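Peer 1: okay, sequence plus prediction incoming.
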Amino acid sequence: MADKKIPVFSEISDLPAYLPKKVYVGFSGSTSNYTQLNCVKSWAFNSTDKEDDNPFWIWIVVPVLGVALLVGIAFFVYRKRKIDREKLEDACPSIEEVINVSSTAPRKFKFEELRKATGNFSPKNKLGKGGFGTVYKGVMGNKLVAVKKVSKKSTQGKTEFIAEVTTIGKLHQRNLVKLIGWCYERRQFLLVYEYLPNGSLDKFIFYDEKSSMEESTMSWETRLSVVTGAAQALDYLHNGCEETILHRDIKSSNIMLDSEFNAKLGDFGLARTIKLSDQTHHSTKELSGTPGYMAPESILTGRFTIETDVYAFGILILEVACGRKPGSQNQQDNYSCNIVNWVWDLHREGRILDAADSRLEGDFATGDMECVLILGLACCHPNPHKRPSMKIVLQVLKGEAEAPPVPNERPAFMWPPLPPSFKELDISLGQLSPFSELGGR
């Protein structure tokens with residue numbers, strides 16, 4: 001046996017060049033058909049770890065850097081778009097310059113004032129929510145106010161905000177909601193109105209299955225008073241101002257009620273001014289308004305006129321008298337779901353009084369109810385030239401004139417409309433041509 005200090009076999013070899021990364025070290029032998037006894041007294045194996053080509057930290061750092069790069073790019077794009085949008089807004093006249101051109105402009109408030117007044121816009125103070133924004137109850141001094149926070153999702157927030165302030169801010173009529181002030185800070189639009197404790201009209205004329213409160217049913221006398229007040233407001237916009245104002249969103253939820261149930265017309269976000277000398281309508285690329293209240297010609301052409309306001313007011317009249325929602329122009333499954341079709345059919349059958357709200361339990365003067373229902377149909381005449389002006393509507397509601405006559409069969413909607421001098425054929429409308437589904441603002 002050789003000296004232990006002198007190895008029998010010794011070889012220096014660069015094993016990584018021949019072996020895979022992971023190996024097992026041991027002994028193996030073969031003697032074929034012979035028998036041989038071997039004994040390994042001792043053995044040793046030493047190795048030096050070579051630096052890993054792909055250390056563990058690389059698998060962590062590389063993905064992190066990749067994610068950080070993507071986040072950085074996304075942030076850059078967002079910032080660039082935001083800056084471009086701000087530059088575009090700054091290129092236009094500032095909001096304050098536009099609003100303060102009039103000496104009668106409403107007061108400008110600080111954002112902090114309104115935040116404190118509404119309890120930091122607490123959900124407990126929330127009065128309602130619509131397409132234009134959310135309204136909160138607030139307290140300023142010893143006075144209650146309603147603060148509307150314009151929705152950031154509103155497609156034309158700035159345009160609607162300026163329209164509201166510059167339109168209603170310079171008007172003074174007892175049947176219009178009073179705008180107290182406005183605020184534009186932190187890229188947020190806020191409007192401050194007088195507080196009207198009874199809320200909107202729709203809560204009183206539509207049956208609420210959840211609450212099922214009998215006391216919420218509004219009497220016929222109160223309904224007639226509310227409609228008359230709303231008519232005074234719209235007549236003022238059309239005929240009492242230096243320039244004709246189109247409201248473009250007449251509906252029961254925009255008729256507010258004070259503590260004595262006096263009507264106040266509000267929400268002027270879609271209102272537009274037209275000059276009678278050289279302009280008869282306002283055109284828009286996007287449909288504005290609420291489906292069910294929009295005149296068929298507005299849906300078809302995108303034009304809004306005083307006649308389209310009258311059509312919406314006719315829907316309001318029918319809502320108040322019938323206690324049911326208007327339905328939609330494009331309902332194809334059920335013809336009678338449209339309130340105008342339904343009432344006109346009852347008129348054709350000689351039983352128009354059947355359209356009266358059943359919750360009134362017949363507690364109304366039949367002559368007044370019939371007159372109001374006929375007036376509503378006249379306002380909703382498919383031909384805009386056949387609709388009465390708001391001045392005539394107001395006279396009828398006050399009992400100073402008879403309701404305009406309407407044909408037994410609802411005339412067909414045609415565009416362009418027949419001129420006023422043309423004798424209309426008695427053509428049954430049947431059903432309006434279907435329109436694409438519309439969404440309210």
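Peer 2: Perfect, I can see it now.
Peer 1: since we're on residue 144, how many residues are nearby?
Peer 2: 14 (other CB atoms under 10 Å). C-beta here means a position set from N, CA and C on the backbone, and glycine is covered the same way.
Peer 1: swap that for residue 374, please
Peer 2: Residues lying near residue 374 (other CB under 10 Å) number 20.
Peer 1: you'd agree residue 138 is up against residue 148?
Peer 2: No: applying CB atoms under 8 Å as the test, residue 138 and residue 148 come out as separate, 10.5 Å apart.
Peer 1: these two: who's more crowded?
Peer 2: Neighbour totals were compared for residue 138 and residue 148, and residue 148 leads with 26 against 23 (other CB under 10 Å).
Peer 1: what about the closest residue to that one other than its chain neighbours, distance to residue 260?
Peer 2: Setting aside the residues directly before and after it, residue 148 is nearest to residue 191 in space (CB to CB, 6 or more residues apart in numbering), at 4.4 Å. Applying CB to CB, to the nearest Å, the value for residue 191 to residue 260 is 24 Å.
Peer 1: which of these two has more neighbours?
Peer 2: Set side by side, residue 191 and residue 260 show more neighbours around residue 191, with 27 against 9, by other CB under 10 Å.
Peer 1: doesn't the more buried one belong to a helix?
Peer 2: No: counting by DSSP: H, G, I helix; E, B strand; the rest coil, residue 191 is not found in a helix; it is strand.
Peer 1: and it, bridged to which residues?
Peer 2: residue 148, residue 182 (DSSP bridges).
Peer 1: contacting residues for residue 358?
Peer 2: Applying CB atoms under 8 Å, 6 or more residues apart in numbering to residue 358 gives the contacts residue 323.
Peer 1: what is the rounded mean pLDDT of stretch 207-216?
Peer 2: Stretch 207-216 shows a mean pLDDT of 55.
Peer 1: and if you look at stretch 267-280?
Peer 2: Averaged across stretch 267-280, pLDDT comes to 62.
Peer 1: same check, this time on stretch 364-383
Peer 2: 96.
Peer 1: may I have it as CSV, with CA atoms only?
Peer 2: Extracted in CSV, the C-alpha atoms of stretch 364-383 (Å, rounded to 0.1, in the frame of the first residue of the first chain):
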residue,chain,number,x,y,z
PHE,A,364,-110.6,67.1,-9.6
ALA,A,365,-112.8,69.2,-11.8
THR,A,366,-113.3,67.1,-15.0
GLY,A,367,-113.4,70.2,-17.2
ASP,A,368,-110.0,71.3,-15.8
MET,A,369,-108.5,67.9,-16.2
GLU,A,370,-109.7,67.5,-19.8
CYS,A,371,-108.4,70.9,-20.7
VAL,A,372,-105.0,70.2,-19.3
LEU,A,373,-104.7,66.8,-21.0
ILE,A,374,-105.7,68.3,-24.4
LEU,A,375,-103.2,71.2,-23.8
GLY,A,376,-100.5,68.6,-23.2
LEU,A,377,-101.3,66.8,-26.5
ALA,A,378,-101.3,70.1,-28.3
CYS,A,379,-97.8,70.9,-27.0
CYS,A,380,-96.7,67.5,-28.1
HIS,A,381,-98.0,67.8,-31.7
PRO,A,382,-95.6,66.1,-34.1
ASN,A,383,-95.6,69.2,-36.3
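Peer 1: what comes up buried for that stretch?
Peer 2: Buried residues in stretch 364-383, counted by 16 or more other CB atoms under 10 Å: 364, 369-383.
Peer 1: residue 261 looks like it's in a strand, true?
Peer 2: No: Residue 261 is assigned coil when assessed by three-state DSSP, not a strand.
Peer 1: find the nearest non-adjacent residue to it, please.
Peer 2: Computed as CB to CB, 6+ apart, the closest residue to residue 261 that is not its neighbour in sequence is residue 222, at 5.4 Å.
Peer 1: the one you found against residue 260, yeah?
Peer 2: No: in this structure residue 222 lies outside contact range of residue 260 using CB under 8 Å: 9.9 Å.
Peer 1: quick one: the strands in the stretch 301-441 of the chain?
Peer 2: Counting by DSSP state E, counting those that start in this stretch, the stretch 301-441 of the chain has strands at residues 303-304.
Peer 1: where do the helices sit along the stretch 251-400 of the chain?
Peer 2: For the stretch 251-400 of the chain, the helices defined by DSSP state H, counting those that start in this stretch cover 296-301, 306-322, 339-348, 366-379, 390-397.
Peer 1: can you tell me which of these comes nearest to residue 99?
Peer 2: Set against residue 99 and scored by CB to CB, the helices of the stretch 251-400 of the chain come closest in helix 306-322, at 24.5 Å.
Peer 1: sorry, back to before: what helix or strand is the residue nearest to residue 261 on?
Peer 2: Using DSSP states H and E, residue 222 sits within helix 220-235.
Peer 1: what's the very next helix or strand once past that helix packed up against?
Peer 2: Helices and strands here follow DSSP H and E; after helix 220-235, the next one along the chain is strand 244-246. For strand 244-246, the packing partners by 3 or more CB pairs under 8 Å, 6 or more residues apart in numbering; DSSP states H and E come out as strand 272-274, helix 306-322.
Peer 1: restricting to C-alpha, output the longest one in PDB.
Peer 2: C-alpha atoms of helix 306-322 as PDB (Å, rounded to 0.1, in the frame of the first residue of the first chain):
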ATOM      1  CA  ILE A 306     -88.700  77.300 -28.600                       C
ATOM      2  CA  GLU A 307     -91.000  74.700 -30.100                       C
ATOM      3  CA  THR A 308     -88.800  71.800 -28.800                       C
ATOM      4  CA  ASP A 309     -89.000  73.400 -25.300                       C
ATOM      5  CA  VAL A 310     -92.800  73.500 -25.700                       C
ATOM      6  CA  TYR A 311     -92.800  69.800 -26.600                       C
ATOM      7  CA  ALA A 312     -90.900  69.000 -23.400                       C
ATOM      8  CA  PHE A 313     -93.300  71.100 -21.400                       C
ATOM      9  CA  GLY A 314     -96.200  69.200 -23.000                       C
ATOM     10  CA  ILE A 315     -94.600  66.000 -21.600                       C
ATOM     11  CA  LEU A 316     -94.400  67.600 -18.200                       C
ATOM     12  CA  ILE A 317     -98.100  68.500 -18.300                       C
ATOM     13  CA  LEU A 318     -99.000  64.900 -19.100                       C
ATOM     14  CA  GLU A 319     -96.700  63.600 -16.400                       C
ATOM     15  CA  VAL A 320     -98.400  65.800 -13.800                       C
ATOM     16  CA  ALA A 321    -101.900  65.000 -14.900                       C
ATOM     17  CA  CYS A 322    -101.400  61.200 -15.400                       C
END
